[in-house]
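Q: Model the following, please.
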Amino acid sequence: MNAPDLLTDPSAADAAEREQPPESSAKALWPDIKHGAALIKRYVKADPLVAPLLFAAELCSGAVTSVLFLQMQINLAAITNALAARDGSVISGLLTKIIMAGAILAVVGTVVAWTRYTLRIRFRRVLTENLVGRWIAANRFYHLERRARLDYPEQRIQEDVYQFIERLTTIAPILIFSSFGIFLYTAQLWKLSPPIVLDAIGLHHPIPGFLVYVAFGFAILWTFVTHVFGRSLTRAEVVRQRLEAQFRQEMAAVRENGESIAFARGAKIEGERLADTFNLIRKNWRFYTFANLKITIVGGLPETIMLIGPTLLCAPFVISGQMQIGDIALVAASFSQVYSGVGILIRQYAELALLRSSVARLRLLDELLAADMRSDIAVLEDAGVGIQVCDLAIAFPDGEVMNTIGDLIISPGERLLVKGPSGAGKSTLLRSIAGLWPFGGGSVTLPRDAAIAFLPQRGYMPNGTLASLMSYPRTSDAHGDADYAALLERLGLARLVCRLHEHRPWSRILSPGEQQRIAAARAILANPDYLFVDEATSALDTQSEARLYSLLAERLPNAALVSVAHRPAVERFHDTVLTLDGGKALTTPAARPAGA
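A: Next up is the predicted model:
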């Protein structure tokens, strides 16, 4: 007996165990940095007046904070020296300065918080509108799903944009603060460093700024060590986001298809599917944990060194009288600030790795949104009458020919039925005419300004009111309640008239047959010049199906109707039959009952 197939996506298991996602490649570091800068530039360009002010506020606050913090440290050191000298006369003045600096820091902190939250929502609005607009435009949401290996674009737009901005606006001020700290505290540390002579290694002349060299050298060395041990975190974070999105999507699928699962007694296997996916999350969490542990260990060692290092370095100078006892605290603060500024990567490595993972995922989305999604089948528009199909050949994605249609003209008011066995490519023909199927050759010319509507087997039913579902994609006020009520009654849904404006998840309330009739009402209200019906009556009984087609003929007498259907009874509502079989297309007159 064969082993059962995996319930979860095999590629997800590969990602959790060994896959190197394209977003986490070591070679992609520089492209990620450039893309992060491009995202900032995109925001500044879209918000040219406010963005520079908000960024300037962050910059100025960092400078002010650094200067005030240094003054507080200098005054604290002066108090220590005054206490050591038993001179209490200067302490009150120094304390006043420290308190005033602290009060100013509190005010600056409040302003910075408001500035940061304002910057975040404005930044997010620009990036979200840009990405959503490009994702929606030209049906790219459809083409990306079928033609590109991109997992969960909706999560990238929602979560990764949020995480990118959240971490950027958290880390950037720290970088600014650290940059000012380097300049301010390097000068202070240089001034406090007594010159030393290293006779043991042949340096007989005094070397100034000894402590500065130690701080810079240690920070640079430990930055390299941290990167070597911590670079696996970006990969673990990219995989984590993918698996979390899959887990969330699978739970949403259970909720949205609850009735079908309950009827099929499928709760057990759905539970197993969710458990399998969560086990992948746990498996990747081990990698994620180890990556963070390595960063924590490597990043924690310098903190221990900072506690005793400055004191040990200063002790000989204090004993020799070259430094005062109060200078040790100032040296420790200055050494720590210089080390933190130069070695900012060490302290922020985990956050920077997570920031990079968000940038990398957005970079891949951006690249695919900008990629050429041109179809092999040319879809054109002109001022002519009718839809003209020329030399149309429909192929599978691997290039193998599916159907050779040749030339076809669909004139206004024509009724064309597309027939053929399952898998013959009937629905794909409709997709080709709509410009949704890119594989093949030939051209489709649509009349410019003509209204074209598609009625699929399973219509889109977003949460909303029945009126909004029937008027989609226009708003519910596009038609009057009387129009909605009349159509519902004609389609056998009179019981729903009183619920026209109830906001409900109708896709879970209405039966498949009722949803198909709502979709038919939507098509009628759209009043198209060309209506393509793709097995949109499959859930109806023959009587309801006949009633629906009769209503289409009555309400849309001048519209061309192209239907894909399996039931022979549908043929009587059409003039011509296009049969697809064996990769070829054959056109014949429709068989109509006498008197039809």
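Q: check contacts around Arg356.
A: The contact partners of Arg356, by Cβ atoms under 8 Å, 6 or more residues apart in numbering, come to Leu29, Asp32, Gly36, Thr234. Yep, even glycine has a C-beta here, placed from its N, CA and C like the rest.
Q: Checking Ala332 next. Helix, strand or coil?
A: helix (DSSP: H, G, I helix; E, B strand; the rest coil).
Q: To what extent is it buried, counted in neighbours?
A: Neighbourhood size, Ala332 [other Cβ atoms under 10 Å]: 20.
Q: What distance do you get for it to Ile74?
A: Distance from Ala332 to Ile74, counting by Cβ to Cβ, to the nearest Å: 13 Å.
Q: Where do the domain boundaries of this structure fall?
A: 27-370, 378-589 (automatic domain parsing).
Q: weakest of these by average pLDDT?
A: Between the domains of the chain, the lowest average pLDDT goes to domain 27-370, which shows a mean of 83.
Q: surely Trp190 meets Phe210?
A: No. Judged on Cβ atoms under 8 Å, Trp190 makes no contact with Phe210 at a distance of 9.4 Å.
Q: the helices in the stretch 51-200 of the chain, which residues?
A: 91-136, 140-147, 153-155, 161-192 (DSSP state H, counting those that start in this stretch).
Q: any idea how far the longest helix belonging to the chain is from the chain center?
A: In the chain, taking DSSP state H as the definition, the longest helix is helix 267-319. Counting by Cα atoms, centre = their mean, to the nearest Å, helix 267-319 is centred 26 Å from the centre of its parent chain.
Q: contact partners of stretch 465-477?
A: 460-462, 478-479, 481, 484, 487-488, 496, 499-504, 506, 518, 521-522, 525.
Q: can you do 6 Å?
A: Ala478, His479, Tyr484, Leu496, Leu500, His501, His503, Ile518, Ala521, Arg522 (Cβ atoms under 6 Å, 6 or more residues apart in numbering).
Q: Most neighbours of all the residues you listed, which one?
A: Ala521 (26 neighbours).
Q: And for that residue, nearest residue in space, chain neighbours not counted?
A: Leu487 (4.3 Å; Cβ to Cβ, 6 or more residues apart in numbering).
Q: The strand or helix carrying Gly441 packs against which elements?
A: Following DSSP states H and E, one finds Gly441 within strand 440-447. Packing partners of strand 440-447 (3 or more Cβ pairs under 6 Å, 6 or more residues apart in numbering; DSSP states H and E): strand 378-382, strand 387-395.
Q: now do 10 Å
A: Helices and strands touching strand 440-447, by 3 or more Cβ pairs under 10 Å, 6 or more residues apart in numbering; DSSP states H and E, are strand 378-382, strand 387-395, strand 401-410, helix 426-434.
Q: coming back round to it: need the contact list for the residue nearest to Ala521.
A: Shown in contact with Leu487 (Cβ atoms under 10 Å, 6 or more residues apart in numbering): 470, 479, 493, 497, 517-518, 520-522, 524-525, 551, 555.
Q: if I look at the residue nearest to the spatial centre of the chain, how far off is Ala590?
A: In the chain, the residue lying closest to the centroid (Cα atoms, centre = their mean) is Arg156, at 1.2 Å. Distance from Arg156 to Ala590, counting by Cβ to Cβ: 48 Å.
Q: how deep is Glu400 tucked in, by neighbour count?
A: Glu400, neighbours per other Cβ under 10 Å, totals 9.
Q: Quick check: it vs Gly406, distance?
A: 18 Å.
Q: Likewise for Asp372?
A: Distance from Asp372 to Gly406, by Cβ to Cβ: 28 Å.
Q: So for the two, which sits in the more crowded spot?
A: Gly406 (14 against 4).
Q: Could you save the helices of the stretch 51-200 of the chain as CSV and add columns showing mean neighbour count and distance to Leu362?
A: Output for these, formatted as CSV (neighbours: other Cβ atoms under 10 Å; distance: least, Cβ to Cβ, whole Å):
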stretch, mean neighbour count, distance to Leu362
helix 91-136, 15, 8
helix 140-147, 15, 14
helix 153-155, 18, 10
helix 161-192, 19, 6
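Q: closest one to Leu83 among those helices?
A: Closest approach to Leu83 among the helices of the stretch 51-200 of the chain (Cβ to Cβ): helix 91-136, 7.6 Å.
Q: Mind putting the helices and strands packed on strand 440-447 into CSV with distance to Val64?
A: Putting these into CSV (distance: least, Cβ to Cβ, whole Å) gives the following:
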stretch, distance to Val64
strand 378-382, 59
strand 387-395, 65
strand 401-410, 68
helix 426-434, 59
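Q: any idea how far stretch 234-248 is from the chain center?
A: For stretch 234-248, the distance to the chain centre is 12 Å (Cα atoms, centre = their mean).
Q: oh sorry, the question was meant for stretch 361-377
A: With Cα atoms, centre = their mean, you get 14 Å for stretch 361-377.
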